[in-house]
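K.L.:
My questions concern the predicted model and sequence given below.
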Amino acid sequence: MTTARERLVEWLRDAYAAEQQAETMLRRTAGQIEGHAEFRAGLERHGAQSGEQAQRLERCLEQLGESPSLIKTVTGQITAFAQTLAGYVVGDEPVKAVLATATFAHMEVSSYRILIAAAQAAGEAEVARVCEALLGEETRFAEWLDRQLGPVTSTYLAEGAGSGRTAAAPGLVG
């Protein structure tokens, strides 16, 4: 039977991989967004913060005598790369980016709530405290993204959506 501590370690590894994925995805997505300065800057800021969050999760794992999962981390990086590439072949990058990022942020909020409950069940008060801080950061980011949905969509539409423009990556689509 799996113990609360074993699940906590597994889920911390998942959260670590998700933060690594978020850092890559946010930085790359910000780099392909044209205009939408506030949205782009927010993605860049949270991309950097995601790297810091991954470091805090790694310290939690080390505190438990564990380390991140290489397989989960590499899988997350591949997924982030694929998500970024997908943005090159659509014409509505900013709208799809705000949608995907908001969805991912809300998933992270739920993940941290689960981690807090698991840490408490495993008697790991320090891990729970770290996850509570991370939950606050992710909640603020998710709320900020929710406020970006309307403005990003409106700006995109006002800039001539549907005019046939795309932001194709060189060599990917013509």
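P.N.:
Here it is on my side, so go on.
K.L.:
average pLDDT across stretch 42-61?
P.N.:
Per-residue pLDDT values over stretch 42-61 give a mean of 97.
K.L.:
Thought Trp11 was touching Ile114, still the case?
P.N.:
Yes - Ile114 sits in contact with Trp11 when judged by Cβ atoms under 8 Å, with a separation of 6.4 Å. All C-beta spots, glycine's among them, are computed from the backbone N, C-alpha and C.
K.L.:
quick one: which of those two has more around it?
P.N.:
Trp11 (18 against 15; other Cβ atoms under 10 Å).
K.L.:
where's the more buried one, which helix or strand?
P.N.:
Using DSSP states H and E, Trp11 sits within helix 4-32.
K.L.:
now swap in His106 and tell me
P.N.:
Here His106 is assigned to helix 93-121, by DSSP H and E.
K.L.:
Helix or strand next in line after that helix, which one?
P.N.:
For helix 93-121, the following helix or strand on the C-terminal side (DSSP H and E) is helix 125-158.
K.L.:
which stretches of this protein have low pLDDT?
P.N.:
69-90, 161-174 (pLDDT under 70).
K.L.:
Run through the residues that contact the residue nearest the centre of the chain.
P.N.:
The centroid of the chain falls nearest to Ala22 when counting by Cα atoms, centre = their mean (3.2 Å). Residues near Ala22 by Cβ atoms under 8 Å, 6 or more residues apart in numbering: 46-47, 50, 80, 104, 108.
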